[in-house]
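Engineer: the amino acid sequence is not available; the structure is as follows:
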């Protein structure tokens, strides 16, 4: 998998968060993930299946950032990660992957999306079990960090 | 989604664990998941996409049970959840879903599997964000508990 395949997810995430929650994330350097493990407090995960490939996408948020996004969307800050927050993370996962699907489809890489799954738990880690390379991109913001990971079997 | 759609996953799990790791799990009652949240220490998740439906499957293990399965497969008990354990959980996720895919395919419900994702983190929770019903089935064993969850959009 080429590093450029993470760019549609990056562009889609920046777009979704600035539109939905007036939140600007600063992307760090994309990296091929080897031993490094990133931690998050709430994550959205989704499977992707296409004729040429299959894979998975995840987005992980620090709790502080997830709560700030909720606050900006709803006007009220939840006390912790509740069902509204996991719904929002599932929705962001769907929207980011849907945006990337459109961009990758224009390049001839088609896939269908499964339904998202949201994980909550302080400092959990996520490992994409895929034959292909795994790409990770960290993001920073004033309100906490996030990272995305993308893995495709055959790109 | 009908309760019977969890049965292929149940049968496949029991088969995989008894074959691979001589481990017998005792199934509890399947339930439609509403507010209840089950916790696990290491979980495998996978997306499913078919012409009639899409969905997701997860299997969560207590750490003690995951380590016992590893011990029975490899003859040595890891000290904690390491990459070998997450590889094994990813592999179990693939095998259980593959077995269920065959059984459901015989009934005319076809789907393709995405690649699995493994989550580690003490006491994390998983929420399948799906329009359809979510079915959960708990399992007990002498070495710890496990549970599976299945969610399909349109079955």
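Structural biologist: On my side now, so go ahead. What you are looking at is a predicted structure, and each value in this text was computed from that prediction instead of being measured.

Engineer: doesn't residue A:99 fall inside a helix?
Structural biologist: Yes - assessed by DSSP: H, G, I helix; E, B strand; the rest coil, residue A:99 belongs to a helix.

Engineer: dump the residue contacts of it.
Structural biologist: A:8, A:11-12, A:15-16 (CB atoms under 8 Å, 6 or more residues apart in numbering or on different chains). Using the backbone N, CA and C atoms, a C-beta is placed for each residue, glycine as well.

Engineer: just those: which are in helices?
Structural biologist: A:8, A:11-12, A:15-16 (DSSP state H).

Engineer: which one of those is nearest residue B:114?
Structural biologist: Residue B:114 lies nearest to residue A:8 out of the ones in helices among the contacts of residue A:99, by CB to CB, at 17.3 Å.

Engineer: who does the closest residue to residue A:47 other than its chain neighbours bridge with?
Structural biologist: With sequence-adjacent residues excluded and distances taken as CB to CB, 6 or more residues apart in numbering or on different chains, residue A:47 is closest to residue B:47, at 1.9 Å. Each beta-bridge partner of residue B:47 is listed here: residue B:56, as defined by DSSP bridges.

Engineer: looking from chain B, tell me which residue of chain A is nearest.
Structural biologist: Across chain A, the shortest distance to chain B (CB to the nearest CB) belongs to residue A:47, at 1.9 Å.

Engineer: list the contacts for the most centrally placed residue in chain A?
Structural biologist: To find the centre residue of chain A, average its C-alpha atoms and take the closest one (CA atoms, centre = their mean): that gives residue A:59, at 2.5 Å. With contacts defined as CB under 8 Å, 6+ apart, residue A:59 is in contact with A:13, A:43-44, A:89, A:92-93, A:96, A:146-148.

Engineer: cool, and residue A:111?
Structural biologist: Listed by CB under 8 Å, 6+ apart, the contact set of residue A:111 reads A:48-50, A:53-55, A:101, A:104.

Engineer: kindly report the same for residue A:79.
Structural biologist: Neighbour list for residue A:79: empty [criterion: CB under 8 Å, 6+ apart].

Engineer: now do residue A:120
Structural biologist: Residue A:120 is in contact with A:41-42, A:81, A:85-86, B:124-125, B:127, counting by CB under 8 Å, 6+ apart.

Engineer: direction included, what does the lowest-mean-pLDDT helix or strand in chain A pair up with?
Structural biologist: Of all the helices and strands that make up chain A, the one with the lowest confidence by mean pLDDT, DSSP states H and E is strand A:31-32; it has a mean of 84. If you go by DSSP bridges, strand A:31-32 pairs up with strand A:134-140 (antiparallel).

Engineer: state the mean pLDDT of the partner strand.
Structural biologist: Averaging the model's pLDDT scores along strand A:134-140 yields 93.

Engineer: helix/strand/coil for the closest residue to residue A:38 other than its chain neighbours?
Structural biologist: On the basis of CB to CB, 6+ apart, the spatially nearest residue to residue A:38 that is not a chain neighbour turns out to be residue A:147, at 4.8 Å. Going by three-state DSSP, the secondary structure assigned to residue A:147 is strand.

Engineer: the one 4 residues further on too?
Structural biologist: Classification of residue A:151 using three-state DSSP returns strand.

Engineer: what's around it, how many residues?
Structural biologist: Residue A:151 is flanked by 27 other residues according to other CB atoms under 10 Å in any protein chain shown.

Engineer: quick one: average pLDDT of the helix or strand in which residue A:123 is found?
Structural biologist: Assigned by DSSP states H and E, residue A:123 belongs to strand A:117-128. Strand A:117-128 shows a mean pLDDT of 96.

Engineer: that one versus strand A:146-152: what angle between them?
Structural biologist: Strand A:117-128 and strand A:146-152 meet at an angle of 70 degrees, taking axes from the mean of the first three to the mean of the last three CA atoms, to 10 degrees as the criterion.
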